[in-house]
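[1] Predicted model, plus sequence, below.
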Amino acid sequence: MNPPANPAAPSGRETAVPGMTDAADAPDAGERRPRPVRHVHRDVATAPFIVIWEATRACPLACLHCRAEARPDRDPGELTTAEAVGLMRQITSFGRSAPLFVITGGDPFERPDLYDLVRRARELGLSPSVSPSATPALTADSLTRLRQAGTNVISLSLDGATAARHDDFRGFGGVFGRTLDAWQRAREAGLKVQINTTVTRTNLMDLPDIARLIRDRGALLWSLFLLVPTGRGRNLTSLTAAETEDVLNFAYDIGAAVPVKATEAHHFRRVAIQRHILHERGADHVAALGLGPLYRSLRRRAVRSGLVRATRTRRPPIDVGAGRGLVFVSHTGEVSPSGFLPLPAGNVRERPLTEIYRASPVFTALRDPDRLTGRCGACEFRTVCGGSRSRAYATGGDVFAEEPWCSYTPGTFPYQDELAGHLGTAAGA
Ligand code: SF4
């Protein structure tokens, strides 16, 4: 292993770029570094890694990016309690190791049977997580009941480091304070908390401050969601591919201080592999990856907050994607490869989830990397990345088209020989 070419700048002082390396998390001599990407230990052609169920579309908030275009009232066509329990049984029939099970919305607290559903999921051997909205329903008492029913993890949304930024995004005043309060109370109730942040042009420069909040207050995971222009998110301004690259590299930088994942940013896996190899080679990642002024600015702030110089083990991104380890079930039982990819493949009221996931043409096609076109089709990272199929579909109507928010030109990474062993296999192929 070669030592880094450029030793770390002291904490709080940024290395001049170019010439920036990852010396801050340099391994000791002889230390084994974790692999940059985690490949799931299951055949994702036969069983998903995670099932996301939209329990309801009802929600009192009006968030600017809402995929579900949530509304105040519940839809009478929602799965009933008995149907929801039937869905859980279907999930358990995928095999010995049950998929992760996420109950989302809308706001799941709009369903009066939420605690019962969590309890039933637990009894069936599932480990349910819940994604509530930050409404007045999220009290110390309701969080404690959620924990007692069998929830281990909840996720909360935080889209700004200040009340002004977050509340503007969420469409109501007071949501920021309520979110921080719920975060604290959830932890007191024994729940682990995942923080979700939708990255938009308006909150880009808040990201280091949100990361600092997460490091200081503690969270299981920070999920950076890169917008898919669907639902109300259609009206938000998109990042450019170059800006996305800068954000993903910033996310990599802080990964040893804050456990971070990227949602609908499959090329974060490509970035993780590239950064891992560049680090091993002691190479300047800014020059090698052509990072821009946004990256320099985000990194400078992250260094100032002590987010770059950290010693925790970096959490490798997991190699799953829409229909390829991930499946979404809507409030009415429609199954699609992701909540951001509205390609219905069947309904659990009519056909078992196992069958839809394993055999429907939409799902089998999405598991075949040879269907990809454009740069994704020609890319050496396609088996481990493949780009966001949801974004390709939302922006151009072609689910196999190239990822519009990726700036990588296939074949240009300078250490091609070192990619072998990091790229996994074509899932499902
Ligand atoms: S071109 Fe496509 S497959 Fe290659 S890294 Fe970008 S998004 Fe991933």
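    Yep, that arrived.

[2] Flag every buried residue along the worst-scoring helix or strand of the chain on mean pLDDT.
    Lowest by mean pLDDT, DSSP states H and E among the helices and strands of the chain is helix 163-170, with a mean of 80. Neighbour-count burial for helix 163-170 flags 165-170 (criterion: 16 or more other CB atoms under 10 Å). Glycine gets a C-beta too; all of them are placed from N, C-alpha and C.

[3] Would you mind listing what in the stretch 151-300 of the chain touches the ligand?
    The stretch 151-300 of the chain has residues 266-267, 270 near the ligand, with proximity defined as CB under 6 Å from any ligand atom.

[4] same thing but 8 Å
    The stretch 151-300 of the chain comes close to the ligand at residues 266-267, 269-270, as judged by CB under 8 Å from any ligand atom.

[5] Report the two of the residues you listed separated the most.
    Within these, 266 and 270 form the most distant pair, 7.9 Å apart (CB to CB).

[6] shared neighbours of the two, anything?
    Residues touching both residue 266 and residue 270 (CB atoms under 8 Å, 6 or more residues apart in numbering): residue 385.

[7] Show residues contacting the strand ranked longest in the chain.
    Assignment by DSSP state E gives strand 192-199 as the longest strand of the chain. Contact with strand 192-199 is made by 65, 129, 131, 152-159, 169, 183, 186-187, 203, 207, 210, 214, 218-227, 233, 239, 247, 263, as judged by CB under 8 Å, 6+ apart.

[8] Which helix or strand lies directly C-terminal to it?
    helix 207-217 (DSSP states H and E).

[9] So which residues of the chain form strands?
    For the chain, the strands defined by DSSP E cover 50-54, 100-104, 128-130, 153-157, 192-199, 221-226, 260-263, 321-322, 325-329, 334-336, 346-347.

[10] Can I get those strands in CSV including mean pLDDT and mean neighbour count?
    As requested, the strands of the chain are exported to CSV (pLDDT from 0 to 100; neighbours: other CB atoms under 10 Å):
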stretch, mean pLDDT, mean neighbour count
strand 50-54, 97, 23
strand 100-104, 96, 21
strand 128-130, 97, 24
strand 153-157, 96, 21
strand 192-199, 95, 21
strand 221-226, 95, 21
strand 260-263, 94, 22
strand 321-322, 94, 26
strand 325-329, 97, 24
strand 334-336, 98, 22
strand 346-347, 98, 18
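
[11] how about those strands, which one is nearest residue 115?
    Closest to residue 115 of those is strand 128-130 (CB to CB; 10.1 Å).

[12] Listing partners with orientation, what would you give for the closest one?
    strand 100-104 (parallel), strand 153-157 (parallel) (DSSP bridges).

[13] tell me the angle the first one makes with strand 192-199.
    Read it as strand 100-104. 60 degrees (axes from the mean of the first three to the mean of the last three CA atoms, to 10 degrees).

[14] pLDDT weak spots in the stretch 51-200 of the chain?
    Regions of the stretch 51-200 of the chain meeting the criterion pLDDT under 70 cover residues 62-70, 171.

[15] residue boundaries of the helices in it?
    Taking DSSP state H, counting those that start in this stretch as the criterion, the stretch 51-200 of the chain carries its helices at 81-92, 114-123, 140-149, 163-170, 175-188.

[16] Next, format the ones you listed as a markdown table and append distance to residue 397.
    Below are these laid out as a markdown table (distance: least, CB to CB, whole Å):
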| stretch | distance to residue 397 |
| --- | --- |
| helix 81-92 | 30 |
| helix 114-123 | 35 |
| helix 140-149 | 39 |
| helix 163-170 | 27 |
| helix 175-188 | 34 |
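
[17] Residue 71: which of these is closest?
    helix 163-170 (15.5 Å).

[18] neighbouring contacts of the closest one?
    Defining contact as CB under 8 Å, 6+ apart, one finds that helix 163-170 is touched by 61-65, 134, 157-160, 173-177, 179, 198, 200, 202-203, 206.

[19] before we move on, back to that, among the strands of the chain, which is nearest residue 355?
    Closest approach to residue 355 among the strands of the chain is made by strand 346-347 (7.6 Å; CB to CB).

[20] and the closest one, what does it pack onto?
    strand 334-336 (3 or more CB pairs under 8 Å, 6 or more residues apart in numbering; DSSP states H and E).
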